[in-house]
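>>> Dropping the sequence and predicted coords here.
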2 protein chains.
Amino acid sequence: MSPAQKPKTSAKGLETRDRIVDVAVRFIARNGARGTSLADIAAEAGVSQTGLLYHFRSKEALLNAVMDRHLAFSEQWLWGEGPDPGIKIVDIIAKHMASWPSQHDSKVASLLGMNTVVLGENVSPDTELHQRLVDGYRTTIDRVTATLRSAQERGEMREDIDPQLKAMEIIAFCSGIEAAWLVDPNIPVAAAAAQWAAQQTRQLATGPATS
Amino acid sequence: MSPAQKPKTSAKGLETRDRIVDVAVRFIARNGARGTSLADIAAEAGVSQTGLLYHFRSKEALLNAVMDRHLAFSEQWLWGEGPDPGIKIVDIIAKHMASWPSQHDSKVASLLGMNTVVLGENVSPDTELHQRLVDGYRTTIDRVTATLRSAQERGEMREDIDPQLKAMEIIAFCSGIEAAWLVDPNIPVAAAAAQWAAQQTRQLATGPATS
DNA sequence: ACAAACCGACTGAGCACTCGGTAACCTCTG
DNA sequence: CAGAGGTTACCGAGTGCTCAGTCGGTTTGT
């Protein structure tokens, strides 16, 4: 009846389902969605491909689940703690980036990079998944923009900076760093993020002229 | 004898070859390397798939040619005019970004984003192509680092900024903006780049304390 | 006994790549 | 200058492989 049919069931089946998504995330982060076959994922997750397709009725359904996972994750990342971080958002981002290397495989590729870089490839521009991608991107920009704008209104942030452009810049930096990290995990993400955040904070803040 | 065999020939065949690469670039920018079939490219270029494979003996060979094209292009971009731009490099980048929308399909996706975001996906980590990608990335970081360092030595740039981290930041921004633009061509790349460059220049320069 | 949670074997489409041609052009020779 | 021979630049028809998705089963928990 309802467009999204609940399988009406739950048990350790949910556990399997989750495990499949876990594995899918790892594979996709490495080889991209198009470079990852259901057989690969199923084998690594310890089920048959048919078993996988029992839980997700198509590859696109699985990709949507992966997308869900990451939207939720980056939601938690950016807005999970505290209300309206203002320009502190750059510090929050930097803090999370500092923990990338340790999280390596499991929860990695989490912010926007995953979606844009890795998932985006898969999808031809007319799929629902692609639309979710674009929407998610826009939404994040909008929210960061709003955050910065409110910071301006509270007098925490310089007036001569356009919030939307700044938001785009912040997000570009995040996904760019993540792309770099996917190419070469050895790059010092944490250090780069730390310097970036320090300078951003200094730059954005309505500082006194004392240098 | 030599590892790279010259086909020894040249004519309007080279023209066809070039046209194929042109088309390949466009398709890859849209759908990624894995999402683009040789049949697609061949049809759009007005040759048969066999004809395409006459000029490039495999898909990987074609991708290498695309890579060549873009390495040369971004080389020209960043270091084509004048010697050692110093911190002016951010202005050079911004200037080129301002012309993205007009170049749209033809020469676009040129800096690092193309390689990282779009090509990188295709390639499993053990291919020669992937190595070229990683190398190109590192090389660019190194060159930007060197540029910034020399700017520091000439006293054009603040001393308390780490050149390598800054280089990574610059490149992350570029590829991030490009990724964003690939997702949604409507974003105001030029404006974002302009604001970014202005602030970067102000931030990097050894300015007087007068605010 | 009924559904949830799987499995093995199959199918059909899409893909990179091969094979056996053909037409146009250049070059060397009688 | 004819024309034989070679090379370049293609084409159409395959071929085999990979992959998403199907079908008909079996087991297990309730």
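Right, received. Where do you want to start?
>>> Quick one: name the residues of chain A near DNA strand D.
Applying Cβ under 7 Å from any atom of the strand, one finds that chain A approaches DNA strand D through A:11, A:36-39, A:49-50, A:53, A:57-60. Backbone N, C-alpha and C define where each C-beta goes, glycine included.
>>> change it to 10 Å
For chain A, the residues in contact with DNA strand D (Cβ under 10 Å from any atom of the strand) are A:11-12, A:31, A:33-42, A:48-54, A:56-63, A:122.
>>> Which helix or strand lies directly C-terminal to the longest helix along chain A?
Criterion DSSP state H: the longest helix present in chain A is helix A:128-153. Sequence order places helix A:163-183 as the next helix or strand after helix A:128-153, per DSSP states H and E.
>>> quick check: angle from that next one to helix A:128-153?
Angle of helix A:163-183 versus helix A:128-153, following axes from the mean of the first three to the mean of the last three Cα atoms, to 10 degrees, is 130 degrees.
>>> For helix A:163-183, list the C-alpha coordinates in PDB.
Extracted C-alpha coordinates of helix A:163-183, given in PDB (Å, rounded to 0.1, in the frame of the first residue of the first chain):
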ATOM      1  CA  PRO A 163      28.000  33.500   3.700                       C
ATOM      2  CA  GLN A 164      27.000  31.400   0.800                       C
ATOM      3  CA  LEU A 165      30.200  31.700  -1.000                       C
ATOM      4  CA  LYS A 166      32.000  30.900   2.200                       C
ATOM      5  CA  ALA A 167      29.900  27.900   2.800                       C
ATOM      6  CA  MET A 168      30.700  26.600  -0.700                       C
ATOM      7  CA  GLU A 169      34.300  27.200   0.000                       C
ATOM      8  CA  ILE A 170      34.200  25.200   3.300                       C
ATOM      9  CA  ILE A 171      32.400  22.300   1.700                       C
ATOM     10  CA  ALA A 172      34.800  22.300  -1.300                       C
ATOM     11  CA  PHE A 173      37.700  22.100   1.000                       C
ATOM     12  CA  CYS A 174      36.100  19.200   2.900                       C
ATOM     13  CA  SER A 175      35.300  17.200  -0.200                       C
ATOM     14  CA  GLY A 176      38.600  18.100  -1.800                       C
ATOM     15  CA  ILE A 177      40.600  16.900   1.200                       C
ATOM     16  CA  GLU A 178      38.600  13.800   1.300                       C
ATOM     17  CA  ALA A 179      39.200  13.100  -2.400                       C
ATOM     18  CA  ALA A 180      42.900  13.600  -1.800                       C
ATOM     19  CA  TRP A 181      42.800  11.200   1.100                       C
ATOM     20  CA  LEU A 182      41.100   8.600  -1.000                       C
ATOM     21  CA  VAL A 183      43.800   8.900  -3.600                       C
END
